[in-house]
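**Q** quick one, what's the 3D model for this:
(chains A and B)
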Amino acid sequence: MADKKMVEAITSMEEDFAQWYTDVVKKADLCDYTSVKGCMVFKPAGYAIWELIQKQMDARFKETGVENVYLPMFIPESLLEKEKDHVEGFAPEVAWVTQGGLQPLTEKMCVRPTSETLFCDFYKNEVHSYRDLPKVYNQWCSVVRWEKETRPFLRSREFLWQEGHTIHATAEEAEARTIQMLDVYADFCEQVLAMPVVKGRKTDKEKFAGAEATYTIEALMHDGKALQSGTSHNFGDGFAKAFDIQYTDKDNTLKYPHQTSWGTTTRLIGAIIMVHGDNSGLKLPPLVAPTQVMIIPIRQNADGVLDKAYAIRSELIEKGFRVKVDDSDKSPGWKFAECEMRGVPIRIEIGPKDIENGTAIIARRDNGEKFECAIKDLAAKVEELIPTIQKDMLDAARARRDSQTFEAKTWEEFKKTFDEKSGFVKAMWCGNRECEDKIKEELAVTSRCMPFKQEHISDTCVCCGKPAAKMVYWGRAY
RNA sequence: CGGGGUGUGGCUCAGGUGGUAGAGCGCCACGUUAGGGACGUGGAGGCCGCAAGUUCAAGUCUUGUCACUCCGACCA
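**A** Residues are numbered from 1 along each chain as shown, chains lettered A, B, ... in the order given. Now for the predicted structure:
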């Protein structure tokens, strides 16, 4: 009976992964649709996850010397058009403002799809001497891209993100910063989101509009599809030249500075859902769980039960955990299910019998384990469990990712793997765009990245058979 | 932007051949319950996505439009 109701609530991921995702988003109460297509309400449960991501990522940024700024949301058309590749990449998906109040504007402005051009316009006035460099800025904001197809967290027309924009005296320094921020992202994903990622470089076909090099972290979702989870770009001096940004160096000559940008978005929430979730709902890594421990009183009207629950809550909050007591008048079974759908890492059940025995029940969301614990030891147990769960979730996600990562030496093997399986396929590539195009056309597969950790799978390109240049992670992507 | 599907109380849906709207769940009140989505009684809630058209009459037929959703293309 209970099982039947659960099945009705959340479609199983084996049956229909897309529907499962939508069901989890709804049942975990993360967001809601609005009257504007592709724009969503972040409900408290969803926004709180974003706040935890922001807080912890921002702290990591600042350890590397990043300073936060805020630039306008409007970009005049003339500014957007200054860098040719950039405008070509973004023009098809920008939203335009053509009227101010009752008057038409003399120049239309787009709502930022990304802020490279605004930062360039700003740096032009800010940077004159080698003494002004580097600038290592970041902003937390939202951007707008008029997507045709939208999905909660994965692709919306307005989304929240952070965009770092830095400017340096030398190419070496810019490249070092580009890689440094990619490392920050990868480390954040693994340590905070318990999500393993592959670090690597994008092929020219997949790189950012206007970039010299794009680096990416690629994660694998439960259904074997890849999700680009963060990118870091090295622009070289291309933007500086387009925007005429120059500085006087120590040797008293004018030089073009080198720039980078790097971003992660609320898509990370989608990644958390699809990396960790199961058929009971969301599974949150403790470090980004708005509620880490939910205490569920059993027979809460019985003498002393609620008081005990509140006392445990106080003790755990004192220790620094995010804790709630579900003292609503729902039945315990309902509260258990609700707790699971919302992904709360630890559940504590306490009722009259427990209180009599001086114990409580602890249930782990990540692996379903349920065991008894003395009430006096609860705080210590939770303190031990939070990092354990965090680590176990990363291990489990890594094991699953590895089990969905394959190798292919020949075209037949490559095609067969994608026909029969879903995941990353490591295969060699000659470096030619034609092979990349052919692979995409015939298998609907794209190059995810050329990983930093190169392996030698074979001597020849998996597509054309010519000598191989790089090992590439291939996959179907979100 | 191309192809498919769906729009009827908050949610899931029922409403042959046109005749003025229903159920379950949820919600509210009261009571009984309580260790894996409890139960009883009573109650509130709908210009049937929107706009034209056909008709004495449209949830139902026609056209358009918008939204959601799935599959592609594009993208974080």
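**Q** phi and psi next, for the residue in the stretch 301-450 of chain A positioned nearest to RNA strand B.
**A** Residue nearest to RNA strand B within the stretch 301-450 of chain A: A:Gly333 (2.5 Å; CB to the nearest atom of the strand). The way it works is simple: take the backbone N, C-alpha and C, and place the C-beta from them, glycine included. When read as degrees, to the nearest 10, the backbone of A:Gly333 gives phi -60, psi -40.
**Q** look up how far A:Arg342 lies from it.
**A** Here A:Gly333 is placed at a distance of 15 Å from A:Arg342 (CB to CB, to the nearest Å).
**Q** what do you get for A:Thr291?
**A** 8 Å.
**Q** just A:His86 next, same as before
**A** From A:His86 over to A:Arg342 the distance is 41 Å, taken as CB to CB.
**Q** try A:Val197
**A** Separation of A:Val197 from A:Arg342 (CB to CB): 25 Å.
**Q** packing partners of the helix or strand containing A:Ile53?
**A** For A:Ile53, the host element (DSSP states H and E) is helix A:44-63. In terms of contacts (3 or more CB pairs under 8 Å, 6 or more residues apart in numbering; DSSP states H and E), helix A:44-63 is packed against strand A:135-144, strand A:158-168, helix A:171-191, helix A:267-276.
**Q** now render these as CSV, adding mean neighbour count.
**A** Listed next are the helices and strands packed on helix A:44-63 as CSV, based on neighbours: other CB atoms under 10 Å:
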stretch, mean neighbour count
strand A:135-144, 18
strand A:158-168, 22
helix A:171-191, 20
helix A:267-276, 25
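**Q** would TSV of those with distance to A:Val382 and mean pLDDT be doable?
**A** Listed next are the helices and strands packed on helix A:44-63 as TSV, based on distance: least, CB to CB, whole Å; pLDDT from 0 to 100:
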stretch	distance to A:Val382	mean pLDDT
strand A:135-144	31	95
strand A:158-168	31	96
helix A:171-191	20	98
helix A:267-276	20	95
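**Q** reformat these as CSV; add distance to A:Gly46.
**A** Formatted as CSV, those follow (distance: least, CB to CB, whole Å):
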stretch, distance to A:Gly46
strand A:135-144, 14
strand A:158-168, 10
helix A:171-191, 19
helix A:267-276, 7
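**Q** select the longest helix from chain A.
**A** For chain A, the helix reaching the highest residue count under DSSP state H is reported as helix A:378-403.
**Q** and RNA strand B, is whichever strand or helix holds A:Asp437 touching that?
**A** In the assignment (DSSP H and E), A:Asp437 maps to helix A:433-443. Yes - for helix A:433-443, a contact with RNA strand B is found by CB under 7 Å from any atom of the strand, at A:Lys440.
**Q** and stretch A:274-286, by the same measure?
**A** Yes - Stretch A:274-286 comes into contact with RNA strand B (CB under 7 Å from any atom of the strand), by way of A:Ser280.
**Q** quote the end-to-end distance of that stretch.
**A** Using CA to CA, to the nearest Å, the end-to-end distance of stretch A:274-286 comes to 16 Å.
**Q** and that stretch, how far out from the chain middle?
**A** In terms of CA atoms, centre = their mean, to the nearest Å, the centre of stretch A:274-286 is set 14 Å apart from its chain centre.
**Q** again, but for stretch A:124-144
**A** Distance, centroid of stretch A:124-144 to centroid of chain: 24 Å (CA atoms, centre = their mean).
**Q** is that stretch in proximity to RNA strand B?
**A** No - shown here: stretch A:124-144 not in contact with RNA strand B (CB under 7 Å from any atom of the strand), separated by at least 8.3 Å.
**Q** any chance you could map the helices in the stretch 301-450 of chain A?
**A** Ranges of helices in the stretch 301-450 of chain A, per DSSP state H, counting those that start in this stretch, are A:305-318, A:332-341, A:352-357, A:378-403, A:411-420, A:433-443.
**Q** so which of these is nearest A:His128?
**A** Comparison of the helices of the stretch 301-450 of chain A against A:His128 by CB to CB identifies helix A:433-443 as nearest, at 40.0 Å.
**Q** could you dump that closest one to CSV, C-alpha only?
**A** The C-alpha atoms that make up helix A:433-443 are tabulated as CSV, following Å, rounded to 0.1, in the frame of the first residue of the first chain:
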residue,chain,number,x,y,z
ARG,A,433,36.3,18.8,-36.9
GLU,A,434,34.9,16.5,-39.7
CYS,A,435,35.2,13.5,-37.3
GLU,A,436,33.5,15.4,-34.5
ASP,A,437,30.7,16.4,-36.9
LYS,A,438,30.3,12.9,-38.2
ILE,A,439,30.1,11.4,-34.7
LYS,A,440,27.5,14.0,-33.7
GLU,A,441,25.4,13.4,-36.8
GLU,A,442,25.5,9.6,-36.7
LEU,A,443,25.4,8.9,-33.0
